[in-house]
Structures are given as structure tokens and as C-alpha cells.
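**Q** starting from these lines, generate the structure:
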Amino acid sequence: MTLADPRDVVAAKRDGRRLAPEEIREFVLGYVRGEIGDELAAAFLMAAFIRGLDRAETLALTRAMVDSGVTLELAGISRPRVDKHSTGGVADGVTLVFAPLAASLGLAVAKLSGRGLGHTGGTLDKLEAIPGLRTDLDPERFERQVEEVGCAVAAQTADLVPADGKLYALRDATATVPAVPLIAASVMSKKLAVRTDLILLDVKAGSGAFMKTVEDALALAEACAALAQDWGRACRIAVTDMSQPLGSAIGNALDVAEATRVLRGEAPGRLTELAVLFATEAQVRLLDREPEEARARAERALADGSALETFRRMVEAQGGDPRVVDDPEGVLPRAPLELPIRSPSRGYLAAVDAEALGRASADLGAGRKRKGDPVDPAVGIVFRPKVGDLLGEGEELGRVHARTEDAARAAVARVLAALVLSEEPVEPVPLVHGWLG
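**A** Below is the predicted model:
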């Protein structure tokens, strides 16, 4: 099918008509080929944002996005293949832990990751804080490393789902990002373009997530689950808490250092728990292990060093300094100044504005405001307490790692402004709100 006039597609969606799969496909591919301009594509996105896309239209959009580029079949990998994706949050280092952990348990983790934008951290930025480590792996090297090491974390190549890159940039410029069908198509097109045996999705909900409420996160999870089902792909989705930072480290080198502690079994907490939950789910689905046995194996892999050793091999395979596993503080870049964050009074931590902490870290240089901005791997924030903890007046809650004293003091003030203390005890927030798929 060739569109006689792509404006007809925009007009039809503007007027609330259901689009045929062929109309959506030709419009998307025409935009990628340069036959349809940004102004018409922007109008289509706004029409879809306002009028919505139903399940069939969302599937058609996702298929067109996948078909706009190449796919990775990963046929040379002998282990069961799993891909894990998070919708983004603060101190979310699960991928850094999950990839080597799952690989040490007999799975193959083929992970194409992204960079941080706004208040959320990016896995590639974190890994590239390790001296020498490269994430620009060509498909052949990527697949070979997954087969030999068990895991690889690399950047998405330009010819994989190019429609997503173009459409996302336009959505960002036209205030059409927060639309569930458009988000689901963006997330799932990248997952479906890589042939794995299981897709694990971590859809975040809370102040530090793009989906601020559990209800919105569930709607996105349901849309992603429907796409996987219609595509015939196995998928499990957890809706998890991001009302507070998941781990303690909000930065790049700081996140890597925390991940190594988790992989050594030295950092119990919500980050460890979520990584173990996903590793357990992957084993149950792909290795036919009972949940209790799968969880025990995951915990043992952290305790006995096998997950840490796999991380060392992954780092070395991607050109990084493997000594980061043994001496992260000595290998990773460090900020010249540290300033403690102290509790202003005694009380129970009732709430944390996770987005505010993420933005404070980004403004130190750990994140970017626009795509392509450089990041400073050394700076960031470490914030340890979790909702429900009792804090003492003057107690050190963490540290700001900065280049200048002015920047550090400003970040400390922003962190303290993001906290709510209560005189009465506060219940901890559940880590997982539910599973789908």
C-alpha cells in the first residue's frame, strides 16, 4: 500500500477514526525514509495523544517501528535468552546486577541499554564510568560475548528500530511523551526487535518514575503485556516502587561501586531484593526451576562470588578495567569534594521526592538536560535511608560528591528539601505492586 496523501491519516486520527494497520505502517515508514516531514509527523503524534490508539493500532505502530530497521536474531546463543528493561528511575542499578547474576545462573542476558535523560540515570553512562569500557559493540561481537560470557550490555545501534529514535525526539519536542500507547510502542519495539526467549519489564511507579501513580504504571504494563501477547513473545512485567530511590547511589561511578557491593553480597536492601526477584523469575520461566530453589540459587550466586566473577568477565570483554570488581574506589573516577547530608531533626522518614534527588544529581553533572550532553562520571549523591527509617538529629544520611563547594552545598539543600519527616512511625513502601504476564 502507498499512501496517496499522508494528511488523510492525520485527519482520520484527528477525527477519531480507527486507522488500518497498513495506514500506520506506511505513515511510519514514510517518515523514516524522509518522505513525510516533521510537521506532519508531529500532527499525527498529537492526534494519537489526544484521541488515543486502541490495541490493534498500537500493535500496528509497534510492528512498523520494528520493521523500520534490522532485527537481532541471536541464533548463535546456546543458553536460554532473557532481556530485562526498566522504564527508568533514580538509583536504579538493577541491570548492572541482574545481567551478571542471571548469566552466572545459566542464562544468557542480551541487553541493549540507553543513556540517562532528565532525572533518570542511564545504564550506559554508568558502565562507561569504568575506565576503558566500551558499549558500542557491533552485532557480531555483542552476540559472541553473550555466548562466551553469558551477558553483554551495549548501546542500541542506529539501524535497530530507527523509527523509535526519530519519533521519540519528536515526541519530546511536541509534549506528546506521556501517552501510554506511544510509550508502550517505544519500549516494546526495542525489545521485540531482539529475539529472546523471555522479556522482563520493570515498570516504575512513583515520584522518581515517568509514571507517577501505580494506576498509570499498571496501564502501561497492561499495554506492554498485550503487545508481547499479540506478538507471541513470552513476557513478565513487574510494577515496582519508585516513590524513593531504589538503591543508595545516584550518579554513574557511584552506581557502579554500589553494584559491585551488591554482587559481593555486601549490600542487602531493595536494590538487591529486586535484582534477586528478576533473577528468580527468569529461572522459573526459562530453566523450569521451582521459585524457592531459583531464589536460593540467586542468593547463593551473590554470596559465593560467582555473579561478581561474571561481572568481571563482562567488564574485561568490553575493554574495561577488571580491577573495578576488587577496588572500585581506586579504579573509578572520584569527585574532589564530598559533603555530608545530615538530618535536620529527629523523626521517621515519611516521604522522599525521588525526582528531586535525581535532578539534584543531574545538575551536579551526573545527568543531562538534552540528548547528547556530556556527563561527569564522578559526581552524584549517595542517600541511604528508606521510608520508615528513624533518623536522628544530625545523623549522616549520605554524601554529595561534587566538583565545587558551592555545587555541593546547593545539592545538600535540595536533598533536605525533598524529605518529609514524621514524629509518628511510618510503614515501609512495598517494593512490588504486582506482576503481569
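
**Q** by mean pLDDT, which helix or strand of the chain comes out lowest?
**A** Of all the helices and strands that make up the chain, the one with the lowest confidence by mean pLDDT, DSSP states H and E is helix 162-173; it has a mean of 88.

**Q** strands along the stretch 201-350 of the chain, start to end?
**A** Defined through DSSP state E, counting those that start in this stretch, the strands belonging to the stretch 201-350 of the chain, from first to last, are 235-241, 249-251, 337-342, 347-352.

**Q** tabulate those strands in JSON lines, adding columns for mean pLDDT, mean neighbour count and distance to Pro139.
**A** All C-beta spots, glycine's among them, are computed from the backbone N, C-alpha and C. As requested, the strands of the stretch 201-350 of the chain are arranged in JSON lines below (pLDDT from 0 to 100; neighbours: other CB atoms under 10 Å; distance: least, CB to CB, whole Å):
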{"stretch": "strand 235-241", "mean pLDDT": "98", "mean neighbour count": "24", "distance to Pro139": "23"}
{"stretch": "strand 249-251", "mean pLDDT": "97", "mean neighbour count": "33", "distance to Pro139": "30"}
{"stretch": "strand 337-342", "mean pLDDT": "98", "mean neighbour count": "16", "distance to Pro139": "41"}
{"stretch": "strand 347-352", "mean pLDDT": "98", "mean neighbour count": "19", "distance to Pro139": "40"}
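
**Q** shouldn't Val82 be in contact with Leu200?
**A** Yes: using CB atoms under 8 Å, Val82 makes contact with Leu200 at a distance of 6.4 Å.

**Q** shared neighbours, the two?
**A** Residues touching both Val82 and Leu200 comprise Ala282, with contact defined as CB atoms under 8 Å, 6 or more residues apart in numbering.

**Q** break this structure into its domains for me.
**A** 7-52, 81-325, 337-422 (automatic domain parsing).

**Q** His433: which of the ones you listed is closest?
**A** His433 lies closest to domain 81-325 among these, at 4.4 Å (CB to CB).

**Q** which of the strands of the stretch 201-350 of the chain sits closest to Gly434?
**A** Ranking the strands of the stretch 201-350 of the chain by proximity to Gly434 (CB to CB) places strand 235-241 first, at 5.2 Å.

**Q** for the closest one, name the packing helices and strands.
**A** The contact analysis (3 or more CB pairs under 8 Å, 6 or more residues apart in numbering; DSSP states H and E) places strand 235-241 against strand 198-205, helix 214-231, helix 270-286, strand 432-436.

**Q** rewinding a little: any chance of the strands of the stretch 201-350 of the chain in CSV, with distance to Arg323 too?
**A** Putting the strands of the stretch 201-350 of the chain into CSV (distance: least, CB to CB, whole Å) gives the following:
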stretch, distance to Arg323
strand 235-241, 32
strand 249-251, 19
strand 337-342, 22
strand 347-352, 34
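
**Q** between the ones you listed, which one is nearest to Gly305?
**A** Nearest to Gly305 among the strands of the stretch 201-350 of the chain is strand 249-251; the distance by CB to CB comes to 21.2 Å.

**Q** lovely, talk soon.
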